[in-house]
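In: The amino acid sequence is not available; the structure is as follows:
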């Protein structure tokens, strides 16, 4: 079954304790992204990756790191979490359209979400 | 001004009604447009892409107006199962630069 998985699904932690949220996809997609969703602000892109070893900042990258050592995995790292990073996090993947151009049909597939609380 | 703006609603409509949502975007370089549906803080799922000429999928019709920089979603014959938040999504650039609207909540009532 084609899917994007995230772990953990729920996490309560304390300020400053490093954590990693894993994301894995089995669709051989080139593109992967991380989003956070907050009430009234919607989904905001944190980081995205166009392929292995290629990553770039989204709209809200501060306080986050990512890596893309393998095509299927795109972990999100919070080196020193703070309470303002309490949020619902989604990982997503999509395939690259032919020729590198955007395709109207390149659907993003989302993981089930990780609810993070930083105390 | 937000890059993508939507009326948050909620839109409360009776079953069988027709309802329309608009979404405006500010960046004229935006290239691709989509509507996603999100149920109760679950993951968003693609509802439909929005083509320049407009497109229809069953009871759902999407329109794009590049001159006025807005997209719309029309739902005909609303069902209880249509209750959800509808997210407008805009892509620009060649590298998956994606912006989501904050969503419009729809509640279909019996």
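Out: The structure has been received and is ready for your questions. Note that the structure is predicted; figures quoted are calculated from it, not measured. Numbering: from 1, shown residues only, chains lettered A, B, ... in the order given.
In: Leaving out sequence neighbours, find the closest residue to the spatially most central residue of chain A.
Out: The centroid of chain A falls nearest to residue A:34 when counting by C-alpha atoms, centre = their mean (2.2 Å). Spatially, and ignoring its direct neighbours in sequence, residue A:34 is nearest to residue A:46 (4.3 Å; C-beta to C-beta, 6 or more residues apart in numbering or on different chains). For every residue, glycine as well, the C-beta is placed using N, CA and C.
In: Neighbours of the one you found, how many?
Out: Residues within reach of residue A:46, counting by other C-beta atoms under 10 Å in any protein chain shown, total 24.
In: can you check residue B:88 too?
Out: 28.
In: Then residue A:22?
Out: Neighbours of residue A:22 (other C-beta under 10 Å): 15.
In: Of all the residues in the host helix or strand of it, which ones are buried?
Out: Per DSSP states H and E, residue A:22 falls inside strand A:19-25. Buried residues in strand A:19-25, defined by neighbour count with 16 or more other C-beta atoms under 10 Å in any protein chain shown: A:19, A:21, A:23, A:24, A:25.
In: tell me the contacts of the first one?
Out: The neighbours of residue A:19, taking C-beta atoms under 8 Å, 6 or more residues apart in numbering or on different chains as the test, are A:11, A:13, A:77, A:78, A:81, A:116.
In: Quick one, grab the pLDDT at the residue of chain B most remote from its centre.
Out: In chain B, the residue that sits farthest from the middle, by C-alpha atoms, centre = their mean, is residue B:110; the gap is 22.8 Å. Residue B:110 is assigned 95 on the pLDDT scale.
In: just checking, it touches residue B:15?
Out: Yes - if you go by C-beta atoms under 8 Å, residue B:110 and residue B:15 touch, sitting 5.9 Å apart.
In: Which neighbours do the two have in common?
Out: With contacts defined as C-beta under 8 Å, 6+ apart, the residues shared by residue B:110 and residue B:15 are residue B:80.
In: Distance check, the closest residue to residue A:9 other than its chain neighbours against residue A:86.
Out: Spatial nearest neighbour of residue A:9, excluding adjacent residues (C-beta to C-beta, 6+ apart): residue A:114 at 5.9 Å. Separation of residue A:114 from residue A:86 (C-beta to C-beta, to the nearest Å): 12 Å.
In: who's more crowded, those two?
Out: In this view residue A:114 and residue A:86 are compared by other C-beta under 10 Å, and residue A:114 has more residues nearby, 22 against 16.
In: List the beta-bridge partners for that one.
Out: residue A:89 (DSSP bridges).
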